[in-house]
Structure formats: structure tokens, C-alpha cells
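Visitor: I need the structure of the sequence given here:
(one chain, ligands or ions: 1)
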Amino acid sequence: MEKLVIKGGTKLNGEVTISGAKNAAVAILPATLLIKGTCKINNLPNISDVKIICNILKELGAKITWTKPNEIIIDTREINCTKAPIDMTSKFRASYYLIGSMLGRCGSIEVGLPGGCNLGARPIDQHIKGFEALGAKVTVGQGKISAKSSKLIGTSIYMDVVSVGATINVMLASVLAEGTTTIDNAAKEPHIVDVANFLNTMGADIRGAGTDVIKINGVKELKSEGTYSVVPDQIEAGTFMLAAIASKGNILIKNCIPEHLDCITAKILEIGGNVEIYGDSIRVSNNKRPSKVSVKTLPYPGFPTDVQPQMGVVLSIANGTSIINESIWDSRFQYTAELNKMGAQITAQGKTAIFEGVDKLCGAPVYASDLRAGAALIIAGIIADGTTEIYNIDHIDRGYENIEEKFKKLGANIQRINE
Ligand code: EPU
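Guide: So this is what the prediction gives:
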């Protein structure tokens with residue numbers, strides 16, 4: 001079992017380069033199933049979620065070659081299996097994107113039911129509603145989902161909730177459908193735009209991604225031999241921005257898209273930090289105790305739920321009492337119990353947490369309950385007095401490439417130890 005051991009008390013200083021976006025990559029890789037040919041994907045984050053989806057694609061018949069640490073060539077000419085391994089897919093949330101892609105490619109797919117995870121209930125009713133509206137028959141039972149269709153036909157679909165996954169999945173299923181599909185009340189996250197850009201690069205006709213109405217004009221086929229570069233990770237950039245604030249440091253965050261970070265920048269300015277924006281980089285610095293603030297997570301362009309725990313660390317040491325209202329997930333405050341072990345004073349109840357700012361955190365053994373909770377605990381360890389040991393770090397490796405190397409380069413004393 002591996003753990004991270006951090007000797008705290010560091011002000012982070014220097015430069016960090018942001019990797020490609022996890023949540024775009026885990027959708028773009030299944031989207032390659034819509035192509036009967038090859039394509040090259042670069043700026044692909046080298047994280048365990050990407051490796052898992054590559055292994056699942058191989059099981060379906062794709063050939064994958066890593067040409068560089070962050071570049072692969074995928075050959076999807078021969079897809080010869082429509083049953084994705086249940087054990088691999090049921091542990092991995094984004095395996096639901098195989099449904100939209102394989103419905104488009106083969107008209108049939110069976111995957112393990114993506115289970116609920118540490119964030120609370122994660123229904124997929126909107127995905128199913130979209131597939132059925134396009135003409136697919138979807139059955140759920142015995143721990144798996146099967147979807148079949150002899151022909152998908154474009155239609156209008158209104159999403160009852162703003163859902164990243166359902167928006168992308170319905171987009172995937174519609175690319176090769178007959179006629180036009182309209183998704184109303186679509187999610188607008190940067191990774192949705194990125195998946196649409198990838199598909200358009202390969203010959204799809206998708207308009208409006210990034211707004212709440214997306215139109216997909218079905219095309220007969222996608223072309224082969226394209227190259228695509230995954231968008232920089234908004235959430236990884238946000239994580240380092242908040243690490244700079246929490247540690248009273250100064251970090252130049254390179255390879256990011258500053259507009260994607262506006263919602264985080266606005267909160268950082270409110271708590272007294274500094275943000276300087278350049279073309280594709282952003283400098284975040286801070287030299288005083290953060291001020292209290294109220295935060296409510298919302299779909300993009302609102303404050304992202306995926307940086308809520310990292311913001312929680314900042315507010316745990318802020319001057320005064322802050323409140324975070326989590327409006328996306330039912331159970332995203334598990335990290336607050338770990339921060340309390342480090343001396344924080346946080347009361348979390350339901351979807352609200354109250355942070356009574358303390359002067360400092362102290363190192364302790366803590367457990368990452370999920371990916372972003374893990375990132376938050378790293379920041380907490382870096383600013384705490386003494387030594388912090390973080391367990392369950394496989395959650396962190398799912399979504400952050402070379403995380404301890406990146407923090408080490410900024411001055412953190414952090415080691416990965418194999419017990
Ligand atoms: N929802 C439904 N029905 C559905 C789908 C979603 O009620 O059919 C609800 C959910 O329960 C939730 C809300 O809608 O309350 C939003 O869920 P969404 O579908 O947008 O989330 P997701 O697609 O399952 C993605 C990211 C998450 C991120 C959320 C919100 C991926 C693989 N995952 O999940 O990322 O928190 O969007 O932005 O893209 C992470 O990276 O740490 C992470 C958890």
C-alpha cells in the first residue's frame with residue numbers, strides 16, 4: 001500500500017505545468033469508438049483513469065500505442081466485442097460513455113452498472129432518457145446496463161438536470177444518428193466543448209457546445225487519421241491556484257485557459273489573494289491570511305464542485321467563519337472530518353459546511369475518501385505544522401498526473417512511500 005508523507009510548513013513557489021483534462025480525456029477515449037480508423041490524441045493525462053479506459057477499449061478490439069508519455073494512437077478499425085468486462089466497467093464511473101459511443105458504432109453494448117461512489121447517489125436516468133428518445137432500448141439489471149438499437153434517429157431532448165455525463169453521452173449517441181438531435185438544458189463545462197471539438201475535428205457536426213442548447217446534425221461516418229490535443233485541466237489548475245493561496249505562496253500556472261478559471265479567480269480575489277492573467281498562464285500569489293467567504297458550487301460557469309474540497313482547506317485557516325454550500329453532490333464533505341483531525345473546526349451537515357477559521361493546521365494521519373478530497377489533503381499537509389500521512393492515495397492517482405513531483409518542484413516536502 002502506498003501513502004504520501006508530507007512534512008508541512010512550505011510556502012509553494014515556482015512554476016507548474018497543467019496536464020490535459022481528466023474529465024475530457026475519459027470521454028474522448030470512448031468517443032474514438034465512433035471512428036472506424038486511427039487517431040492520435042496528445043496532451044493526454046497519464047493517470048490511472050486513462051489507463052483503465054484504454055484497457056477497456058482494448059478488450060473491445062481497439063489497438064492502442066503509447067507513442068510518447070502523453071500521446072497515444074488508437075486504431076478502432078476492428079471493434080469485435082459489444083460486451084465490456086463487467087468487473088472493469090462497474091468500478092469506473094466514466095465507463096458510461098461506452099454506451100453512447102457503442103450505440104453509435106455498433107447499435108449494441110453491455111457494460112457494468114457504474115455504481116454509486118463516495119460522492120453520494122449518482123443516478124444515470126438522464127443518460128437513459130436520452131438514449132431511449134433516440135430510439136434505443138435500454139435495460140438495467142443484474143449489475144449491468146444493456147442498450148440496443150437498430151437505428152438511432154435524432155430528436156429533441158430536454159435534460160431535467162444539468163448533467164455533464166448525460167450531455168456528453170447523448171452527444172456521443174447522436175453523432176452518427178439520422179437527422180438532428182437537440183439537447184436542451186445542456187451542461188456547459190469546458191470538457192463538453194472539448195469532446196465536441198474532438199468529434200468535429202473528426203468530421204461530426206455539433207453546434208452550440210458550451211451553451212445550454214447543443215445541436216447535433218447526424219453524419220454518415222467520421223474520418224480517420226485525425227490528431228487532437230486534450231484541453232488543459234481546469235480542475236488541476238484550480239487545485240494549484242488554491243494551493244498557492246493556502247500556503248501563502250506564489251505559483252505561475254502554465255498551460256491553462258484563464259477564462260475557464262474565472263469562477264475560481266473571482267473567489268480568490270474576494271478572499272484577498274492576487275491573480276495575474278497572461279495568455280495561457282496565470283500567476284496566483286498571497287501573502288496574508290485568507291478572508292472568510294461564502295461559496296456555493298454550481299454547474300459551469302459557477303464554482304466547480306471539483307475544487308470545493310481544495311477551497312475548504314483555504315477556508316479552514318481563513319480569518320472568520322465561512323460557509324460552503326455544495327449543490328451538486330450529496331456527500332462531498334467527508335474530507336472535513338479528516339481536516340478536523342488536523343485541527344480544523346468544520347461542522348458539516350447535509351450539503352452545508354461551516355468553517356470556523358483556525359490559525360494553523362497540524363499534521364496527522366488522514367484518509368482520502370475520493371480524488372478531490374485527496375488533493376485537498378495534500379494542500380492541508382503542505383500548510384500544516386509537522387508531518388501528515390495520506391492514505392488511500394489510489395483515489396488521487398486516478399486524476400492527477402505526477403502530483404507529488406509537481407508539488408515537490410514547488411518546494412513541498414512530499415514523498416510517496418510504499419509500505
Ligand atoms: N444527475 C441526475 N441524473 C443523471 C445524471 C446526473 O440526477 O442522469 C445529477 C447528479 O446526481 C448530480 C448532478 O446531476 O447531482 C450533476 O451530475 P453530472 O452528471 O454532471 O456528473 P457526472 O457526469 O457524473 C462529472 C465529473 C465529476 C464532476 C461532475 C460535476 C466526469 C467523469 N465526472 O460527473 O467529476 O463532479 O461532472 O461537475 O466527468 C471529479 O473529477 O472528481 C468528479 C467527480
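Visitor: Please count neighbours and contacts with C-alpha atoms only from this point.
Guide: Fine.
Visitor: Wait, Thr239 touches Val307, no?
Guide: Yes: taking C-alpha atoms under 8 Å as the definition, Thr239 is a contact partner of Val307 at 6.4 Å.
Visitor: In space, what's closest to the residue lying farthest from the centre of the chain - neighbours in sequence excluded?
Guide: Here the chain reaches farthest from its C-alpha mean at Ser150, the gap being 32.6 Å by C-alpha atoms, centre = their mean. Leaving aside its sequence neighbours, Ser150 sits nearest to Gly107 (C-alpha to C-alpha, 6 or more residues apart in numbering; 6.0 Å).
Visitor: returning to what we had before: how close does the residue farthest from the centre of the chain get to Leu103?
Guide: According to C-alpha to C-alpha, to the nearest Å, Ser150 and Leu103 sit 9 Å apart.
Visitor: joint contacts of those two?
Guide: Common neighbours of Ser150 and Leu103, counting by C-alpha atoms under 8 Å, 6 or more residues apart in numbering, are Ala136.
Visitor: Skip the chain neighbours and tell me the closest residue to Arg105.
Guide: Leaving aside its sequence neighbours, Arg105 sits nearest to Leu34 (C-alpha to C-alpha, 6+ apart; 5.2 Å).
Visitor: Now look at stretch 179-197 and say if it contacts the ligand.
Guide: No: against the ligand, stretch 179-197 shows no contacts by C-alpha under 6 Å from any ligand atom, the least distance being 7.2 Å.
Visitor: contact partners of that stretch?
Guide: So stretch 179-197 is contacted by 21, 23-24, 27-28, 153-164, 167-168, 170-171, 174, 206, 209-218, 230-231, 234, 260, 299-301 (C-alpha under 8 Å, 6+ apart).
Visitor: In ChimeraX, select just the buried ones from those.
Guide: In ChimeraX, a selection of the buried entries from those looks like this (16 or more other C-alpha atoms under 10 Å):
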select :21,23,24,27,28,153,154,155,157,159,162,163,164,167,168,170,171,174,206,209,210,213,214,215,216,217,218,230,231,234,260,299,300,301
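Visitor: Could you tell me which of the contacts of stretch 179-197 are located in strands?
Guide: Here DSSP state E is the test, and the contacts of stretch 179-197 give Ser156, Ile157, Tyr158, Ile206, Val213, Ile214, Lys215, Ile216, Asn217 as lying in strands.
Visitor: Wait, the fourth one touches Ile214, no?
Guide: Think Ile206. Yes: using C-alpha under 8 Å, Ile206 makes contact with Ile214 at a distance of 7.1 Å.
Visitor: overlap in contacts of these two?
Guide: With contacts taken as C-alpha under 8 Å, 6+ apart, Ile206 and Ile214 have no neighbour in common.
Visitor: that's a strand at Trp66, yeah?
Guide: Yes: counting by DSSP: H, G, I helix; E, B strand; the rest coil, Trp66 falls inside a strand.
Visitor: Tell me who's in contact with the closest residue to it other than its chain neighbours.
Guide: The shortest distance from Trp66 to any non-neighbouring residue, by C-alpha to C-alpha, 6+ apart, is to Ile72 (4.3 Å). With contacts taken as C-alpha under 8 Å, 6+ apart, Ile72 has the following neighbours: Lys40, Ile41, Asn42, Leu44, Ile64, Thr65, Trp66.
Visitor: Give me the mean pLDDT for stretch 126-141.
Guide: Stretch 126-141 carries an average pLDDT of 97.
Visitor: Do that stretch and the ligand come into contact?
Guide: Yes: residues of stretch 126-141 contacting the ligand under C-alpha under 6 Å from any ligand atom: Gln126, His127.
Visitor: Could you tell me the end-to-end distance of that stretch?
Guide: Stretch 126-141 has an end-to-end distance of 17 Å (C-alpha to C-alpha).
Visitor: swap in stretch 77-93?
Guide: 25 Å.
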